[in-house]
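>>> Prediction below, plus the sequence it came from.
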Amino acid sequence: MSTNVIDTIIDCDIHQRLSSPANLFPYLSSARRRDIEAYGLRFPSVGHLNGGDRGYRHDSWPGGGEMVGSDLELMQQQLLDAYPIEYGILLGQEIRPVGTLPDVDYAADLSRAYNEWMIEHWLEQDDRLRGVLIIPTQSPSRSVEEIDRFAAREDIVGVLVANGSQHPYGNRIYDPIYEACARHSLPLVLHTGGEGTGINGTPTPAGHPSYYVEHRQSRPMGYMAHLASMVFEGLFERFPDLNVVFVEGGYTWLPTYLWRLDADWKGLRSQTPWVVKAPSEYILEHCTFTSQPMELPSPQSQLMTVFEWADASNTLMFASDYPHWDFDSPELSLPKMPPEMARNVFSETARRVFKLPSRVLATA
Amino acid sequence: MPRRIAVKPAREFPPNTREIISVGRQSIGVLNIDGEYFALRNHCPHQGAPLCLGMISGTTLPNEPYTYEYGRENEIITCPWHGWEFEIASGKSIFNPHRVRVRSYEVTVDTPEPESDEFWRPGDEDPTIPTYDVSIEDGWVFVHL
């Protein structure tokens, strides 16, 4: 497909990794360190494979036995310097299932350590990088402590939770988290992960899929459940300034899902009378979605029809997912868009949602 | 040109009963709700269901999240098929409060109702059920089209 002319990019999904769990030791008690040395990080898994080279772009493994995603210089070389990245938003990697751990206090301690490690070793090392705080969703009160601890920092731009969850995210059990997000003007960011692991329920209503490629399809299912929950629990009536970002769960399903929500609401409105606007209005006002991995119809120009249906100029934000194997190139992954839409998708909608000031890119 | 359609004698049309009448190709529901008469087109704009056979009730009022307040008793008719709610007096759908322009059917009384069997489709203008004036004259209930 012909490419868009892009002079600045805000990449909404970049993954940095620990080179070893020992990276977290300076931020943990000696008791926690001893446990991790003996048992590892103990994140539950459903045990399936991933894609590419052990889940990543083959060329993003640094070599010499080093861990992928743990090398800032390589990230700069392959992503931050290779494209006109104005800001890159880090969403972590191995920490994301922290909400699936049964031990709430361990989950909270790990979250804090990971956030401190991210700030010291990534955000403070490259001014283009911004971070999203991991929180232990099992404990809204401990989550609020994490948010309050770091939210004043300019390089912290959101609060991260996983798609896999104990409850759909409109549930009022999470209200303290949303109060903290609203207090600090931080968006809630959902990223795939944690579906069907640890203390969470099954990853799909049909139970556990056998294969990784099937498991990936639980992402939009989870996001649909969270969206319906947020609308019908009145989340956006209760927190009228809250923005929610849905990362890596697809986009083209959105417009037809909005049609479904609106159609059902017309006959069922009286059961949730606090939902005073059509569901699509709440979602289009409060929610944004990242692009990677973009679904590709044939011919690819059909995507533009979906982009119009879903108001892509205001709801779609570019993400590369570097260094994962299903990385989307800023130049090649999206169809040619009208210039104003392209500008919004590649930078301006993310600038609004993450409240990132405009700045002139240093010429590399 | 306005037409007056004789429905039935008022003494034979007691409170909380309804009559479905045919006027040409149109079906119209005439409702006596606690002694007050209303008339609506008996055709839901969604998929053509006989709206005036629906339940007459109140509904839950817009409110703070997680709070229910029931009100507007006998002001709402709910389509018997898919549950779309309409305000009986105006014919305006409840689910689209953004259509704030309140239609006055007194203004349109003189306009012959365009006959249409077309179903409402997504993207069409949002639905309003035609309503008609009802009067009692010489002991008879009249619907004014």
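Received, thanks. Numbering: from 1, shown residues only, chains lettered A, B, ... in the order given.

>>> Could you pull up the contacting residues of the spatially most central residue of chain B?
Geometric centre of chain B, nearest residue: B:Leu40, 3.1 Å, by Cα atoms, centre = their mean. B:Leu40 sits next to B:28-29, B:31, B:51-52, B:77, B:86, B:88, B:91, B:129-132 when contact means Cβ atoms under 8 Å, 6 or more residues apart in numbering or on different chains. Every C-beta, even on glycine, is put in place using the N, C-alpha and C of the backbone.

>>> B:Gly91 is in contact with B:Glu85, correct?
No: using Cβ atoms under 8 Å, B:Glu85 is not in contact with B:Gly91, being 11.5 Å away.

>>> Show me what counts as buried in stretch A:36-46.
Buried residues in stretch A:36-46, counted by 16 or more other Cβ atoms under 10 Å in any protein chain shown: A:Ile36, A:Leu41, A:Phe43, A:Val46.

>>> Endpoint to endpoint, that stretch covers what distance?
Using Cα to Cα, to the nearest Å, the end-to-end distance of stretch A:36-46 comes to 21 Å.

>>> try stretch A:196-213
First-to-last residue span, stretch A:196-213, Cα to Cα: 15 Å.

>>> tell me the average confidence for it?
Confidence for stretch A:196-213, expressed as mean pLDDT, is 95.

>>> Please apply the same query to stretch A:25-38.
Averaged over stretch A:25-38, pLDDT sits at 98.

>>> same thing with stretch A:329-343?
93.

>>> What residues sit buried inside that stretch?
Within stretch A:329-343, the residues that qualify as buried are A:Pro330, A:Ser333, A:Leu334, A:Pro335, A:Lys336, A:Met337, A:Met341, A:Ala342, A:Arg343, counting by 16+ other Cβ under 10 Å.

>>> got those as JSON lines, with secondary structure and distance to chain B columns?
Shown next, in JSON lines, are the buried residues of stretch A:329-343 (DSSP: H, G, I helix; E, B strand; the rest coil; distance: Cβ to the nearest Cβ, whole Å):
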{"residue": "A:Pro330", "secondary structure": "coil", "distance to chain B": "34"}
{"residue": "A:Ser333", "secondary structure": "coil", "distance to chain B": "31"}
{"residue": "A:Leu334", "secondary structure": "coil", "distance to chain B": "27"}
{"residue": "A:Pro335", "secondary structure": "coil", "distance to chain B": "24"}
{"residue": "A:Lys336", "secondary structure": "coil", "distance to chain B": "27"}
{"residue": "A:Met337", "secondary structure": "coil", "distance to chain B": "24"}
{"residue": "A:Met341", "secondary structure": "helix", "distance to chain B": "22"}
{"residue": "A:Ala342", "secondary structure": "helix", "distance to chain B": "27"}
{"residue": "A:Arg343", "secondary structure": "helix", "distance to chain B": "29"}
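
>>> Pick out the most distant pair among those.
A:Ser333 and A:Arg343 (16.4 Å; Cβ to Cβ).

>>> Quick one: name the residues of chain B near chain A.
B:46, B:59-69, B:79, B:82-85, B:93-98, B:122 (Cβ under 8 Å from any Cβ of the partner chain).

>>> Might you list the low-confidence residue ranges for chain B?
For chain B, applying pLDDT under 70 flags the ranges B:1-3, B:97-127.

>>> can you map out the helices along it?
B:105-108 (DSSP state H).

>>> Report the outermost residue of it with respect to its centre.
Distance from the C-alpha centroid of chain B peaks at B:Tyr66, with 30.0 Å (Cα atoms, centre = their mean).

>>> residues touching the spatially most central residue of chain A, list them.
The residue lying closest to the centre of chain A (Cα atoms, centre = their mean) is A:His191, at 3.2 Å. By Cβ under 8 Å, 6+ apart, the residues touching A:His191 are A:Asp13, A:Leu91, A:Arg96, A:Leu160, A:Val161, A:Ala162, A:Asn163, A:Val247, A:Glu248.

>>> Among those, which ones lie close to chain B?
Among those, chain B is touched by none when using Cβ under 8 Å from any Cβ.

>>> Going through these, which ones are buried?
Buried members of the contacts of A:His191, counted by 16+ other Cβ under 10 Å: A:Asp13, A:Leu91, A:Arg96, A:Leu160, A:Val161, A:Ala162, A:Asn163, A:Val247, A:Glu248.

>>> quick check, the fourth one in a strand?
Yes: under the criterion used here (DSSP: H, G, I helix; E, B strand; the rest coil), A:Leu160 sits inside a strand.

>>> how much space between it and B:His82?
Distance check for A:Leu160 against B:His82: by Cβ to Cβ, to the nearest Å, it reads 40 Å.

>>> Same check on the fifth one?
Using Cβ to Cβ, one gets 35 Å for the distance from A:Val161 to B:His82.

>>> go on, the second one?
Here A:Leu91 is placed at a distance of 42 Å from B:His82 (Cβ to Cβ).

>>> can you check the first one too?
Applying Cβ to Cβ, one obtains 40 Å for the distance of A:Asp13 from B:His82.

>>> dump the residue contacts of B:Lys8.
B:Glu19, B:Trp140, B:Val141.

>>> So what sits opposite it in the bridge?
For B:Lys8, the beta-bridge partners are B:Val141 (DSSP bridges).

>>> next one: the one 10 residues further on
The partner list for B:Arg18 in beta bridges (DSSP bridges) reads B:Leu31.

>>> just checking, it touches B:Ile28?
No: under the criterion of Cβ under 8 Å, B:Arg18 is not in contact with B:Ile28, lying 10.6 Å apart.

>>> Neighbour count for the two, which is higher?
Counted by other Cβ atoms under 10 Å in any protein chain shown, B:Arg18 and B:Ile28 do not tie: B:Ile28 has more neighbours, with 23 against 19.

>>> Contact partners for the more buried one?
Counting by Cβ under 8 Å, 6+ apart, B:Ile28 has contacts B:Ile5, B:Ile20, B:Ile21, B:Ser22, B:Ala39, B:Leu40, B:Arg41, B:Asn42, B:Cys52, B:Tyr132, B:Val143.
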